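Colleague: Sequence first, then the predicted structure:
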Amino acid sequence: MIKNSLKNFFRNFVYMFVAMGIVYLFLLIAVFVFVADVLDNAGGTLHSLFALIDDSAQQSSASVNEFLSYAFGQIDWDRNLWDVIREIIDEKWLQNTVKGFFNTLSVSTEGFEENFNAIIDSFKGKLIGDVAVCAVLCVTGVVAANFATRFAIRRRSARRNLRKTFIAYTIVPIVQSLAVVSFLLLYAFIKMYSLLISLAILLFAGALSIISAWLVHGSGKIKLKQVLTFGNLIKNIAVTAIILCMVIAVAVGLAFANKILAVLITVPLVIYSLNIISLNTESYVCALAEESGGAQKPSAEQAA
C-alpha cells in the first residue's frame, strides 16, 4: 500500500500543473482586477480631493495666503540656492506646512473637514471591497483547481456511476465535516488529553478515508473488514505523513530562497498532494475489489 501510494504520487505528478495553471490564472485575474480598481479608485479620490481643496482655497483665499506667507516667511531666502532647496524639502518643514495648510482650510472653510474625511472613507471602503473581491477570486481559484485536479487524476482511477457520485459528494463530506467539528470541540474542552485526541483524530480520519473509499468502490464487492484493518490505518497514516513531510520540506526550502515563490509553488503542490492522499485509498480499495472479482477497476498502480 505504501509503495504503490508513493508510486502514484510521482507517477501522477504532472497533474500538479493542472492545479498550478488554474491557481495562477485566477491569481492573474485577481491581481488585474485589484490593480485596475485601485488605480481607478485612487484617480477618482485624488480628483475629488483636488477639487475640494481648490474650491476651499478659493473660498478662504485670505486665510490661505496669510498662512502661506507665514510658512514661506520662515525660510531664509538670502542663503545660497542649495541651502534654500534643502530647507524647503526638509521633512519637518513639509509636514508642518501641509498640516498647517489643511488646518487653515478646516478652520476657515465650512464643511471642509467632513467632506475631506468622507472622500478618504470612501476610498478606504472601496479598497476594502477590492481586497475582498481579490480574496474571493483567489479562494475560487483554489477550489476550482482542487476540483479540476481531482477530475484529471480520477480519469485514470475508478469511474463512478450516479450512486457513487452522490455518496462521494454528499454523504461522505457531511459525515467527515461532522466528525471534524466533533473532534475540534472535544479537543477544545479536553486539552489535557490533546496528544491522545490528536492520535484519535489521525486514526479516525484514516478510518473515514477507508470507509468512504469502500462505500464508493467496494460496497457489494468486498467486505468492509477486509479493508478496514489496523494495519491499513497505520499504512494510511504513514503515507499521509510521508507525503505531507515532502510538501513541508519543499515549502521550507523554497521559503529560504523566496517567500512569494514558496507560496506560488506550495499551494498547487498542496492541492495535488491532498487529492493524491484521498485517491490513494480509493486506489487500494479498487485493487482489492478487482482481485475479489468485482466490476473491473484499474490496479493500484494505474489508479490515482
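Modeller: Cool, the structure landed.

Colleague: Quickly note the distance from residue 111 to residue 21.
Modeller: Per C-beta to C-beta, to the nearest Å, residue 111 is found 53 Å from residue 21. Bear in mind the C-beta positions are built from the backbone N, C-alpha and C, glycine included.

Colleague: Between these two, tell me which one has more neighbours.
Modeller: Regarding residue 111 and residue 21, a neighbour count based on other C-beta atoms under 10 Å identifies residue 21 as having more, with 14 against 11.

Colleague: which SS class is that one?
Modeller: helix (DSSP: H, G, I helix; E, B strand; the rest coil).

Colleague: if I pick it, what's in contact with it?
Modeller: By C-beta atoms under 8 Å, 6 or more residues apart in numbering, the contact set of residue 21 is empty.

Colleague: Can you report how many residues neighbour residue 149?
Modeller: Using other C-beta under 10 Å, residue 149 has 27 neighbouring residues.

Colleague: That one contacts residue 15, correct?
Modeller: Yes: Residue 149 is within contact range of residue 15, at 5.7 Å (criterion: C-beta atoms under 8 Å).

Colleague: can you list the weak-confidence ranges in the stretch 151-300 of the chain?
Modeller: Counting by pLDDT under 70, the stretch 151-300 of the chain contains low-confidence ranges at 155-202, 205, 217-219, 292-300.

Colleague: now the helices for it?
Modeller: 162-166, 172-189, 194-213, 224-227, 230-257, 259-291 (DSSP state H, counting those that start in this stretch).

Colleague: So for the shortest one, what gets flagged as buried?
Modeller: Using 16 or more other C-beta atoms under 10 Å as the burial criterion, the residues of helix 224-227 that qualify are 226-227.

Colleague: circling back to that earlier point, shared neighbours, residue 149 and residue 15?
Modeller: residue 272.

Colleague: dump the residue contacts of residue 109.
Modeller: 56, 59-60.

Colleague: Which ChimeraX command selects the buried ones in those residues?
Modeller: Buried members of the contacts of residue 109, defined by 16+ other C-beta under 10 Å, are picked up in ChimeraX with:
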select :56,60
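
Colleague: Can you tell me which of the contacts of residue 109 lies closest to residue 106?
Modeller: Closest approach to residue 106 among the contacts of residue 109 (C-beta to C-beta): residue 56, at 8.8 Å.

Colleague: now the strands: where do they sit in the stretch 51-200 of the chain?
Modeller: Applying DSSP state E, counting those that start in this stretch to the stretch 51-200 of the chain gives no strands.

Colleague: What's the separation between the residue lying closest to residue 60 once chain neighbours are set aside and residue 65?
Modeller: Spatial nearest neighbour of residue 60, chain neighbours left out: residue 108 (3.7 Å); criterion: C-beta to C-beta, 6 or more residues apart in numbering. Look at residue 108 and residue 65: by C-beta to C-beta, they are 11 Å apart.

Colleague: Neighbour count: these two, which is higher?
Modeller: residue 108 (18 against 12).

Colleague: pretty sure residue 9 is touching residue 273, no?
Modeller: Yes: using C-beta under 8 Å, residue 9 is in contact with residue 273, at 7.5 Å.

Colleague: What's the local residue count around residue 81?
Modeller: Count around residue 81 with other C-beta under 10 Å applied: 8.

Colleague: before we move on, what about residue 87?
Modeller: 15.

Colleague: what's residue 75 sitting at in phi/psi?
Modeller: Note on residue 75: its backbone torsions stand at phi -90, psi 140 [degrees, to the nearest 10].

Colleague: check contacts around residue 25.
Modeller: When contacts are counted by C-beta under 8 Å, 6+ apart, residue 25 is found next to residue 141.

Colleague: let's see it at 10 Å
Modeller: By C-beta atoms under 10 Å, 6 or more residues apart in numbering, residue 25 lies in contact with 141, 144-145.

Colleague: next one: residue 251
Modeller: 262-263, 265-267, 269-270.
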